[in-house]
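S.K.: sequence plus predicted model, see below.
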Amino acid sequence: MVHEAIPAERQLALLFNVSRMTVRQAIQALVDEGILYRRIGSGTYVSEEKVIENMDAVTSFTNLMLKQGKQPTSHIVSFAMKPVTRSEAKALKLAEDAEVLRIERIRYGDSTPILFEVAAIPMNIASKLTRDELTNSLFQTVSDKFHLTIGDAQQTMEAVAVSEKIAPYLEVPLGTPVMRLRQTTALSDGTLFEYVDSQYVGNRFKFSTRIHAN
């Protein structure tokens, strides 16, 4: 079971009739793969199955969860029109005095916090969105409500330590490693419609991509 402690090395060695060194090496291999995790002074436990995102295609968090048999939900922390930040203006190619709809959301898979995101949406689309619509998939709302097609996305990733503000939302200790993903998404006609800055809990999520030879 997830988060359940595994038996002690001595018990496992007796159970499988192997040396404790063999058991220790096997446990370390499973820890390295993320299947098990350790708590100092407590023991070794079974990890949650990580959510896998394929970086080869643009997909919504909602669809990603559903494909992996998890129930997606969102909690909106804030939903307000705000002056654009410098990074948002650059990503969305907006004037420095423009406004965007800025949405802060916690995204869950089976009630477990997977990521915290801050999304900025230009006013030409944002003015027609409601708060309730953003508890679900933005991509699906754009498709269903505006009959628009999602196009390409540009992403950058870096490993960071979770901040004092975001740690409680993700239910992790301050300083926990997270993966920070910044993504600018365009419609099929090239119109930029979303810039999102997300932080993914490292031990609950992993990215997958295919690299092609030149």
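M.R.: Nice, thanks for sending it over.

S.K.: switch to C-alpha atoms for all contacts and neighbour counts from now on
M.R.: OK.

S.K.: and residue 107, which helix or strand is it part of?
M.R.: strand 99-109 (DSSP states H and E).

S.K.: give me the distance from stretch 139-146 to the chain's centre.
M.R.: 21 Å (Cα atoms, centre = their mean, to the nearest Å).

S.K.: re the thing from before, tell me the buried residues in the strand holding residue 107?
M.R.: 99-109 (16 or more other Cα atoms under 10 Å).

S.K.: before we move on, what about stretch 176-195?
M.R.: Using 16+ other Cα under 10 Å as the test for burial, stretch 176-195 gives 177-187, 192-195.

S.K.: isn't residue 5 up against residue 39?
M.R.: No. Counting by Cα atoms under 8 Å, residue 5 does not reach residue 39; the two are 9.8 Å apart.

S.K.: domain parsing for the protein?
M.R.: Structural domains assigned to the chain are 9-46, 51-208, following automatic domain parsing.

S.K.: straight-line length of the first one, end to end?
M.R.: Start-to-end span of domain 9-46 (Cα to Cα, to the nearest Å) is 15 Å.

S.K.: and it, what's its mean pLDDT?
M.R.: Mean per-residue pLDDT for domain 9-46: 84.

S.K.: for it, which positions count as buried?
M.R.: For domain 9-46, using 16+ other Cα under 10 Å, the buried residues are 9, 12-13, 20, 23, 27-28, 31, 34-37, 44-46.

S.K.: chain center to that domain, what's the gap?
M.R.: With Cα atoms, centre = their mean as the basis, domain 9-46 stands 29 Å off its chain's centre.

S.K.: quickly list what residue 158 is bridged to.
M.R.: residue 180 (DSSP bridges).
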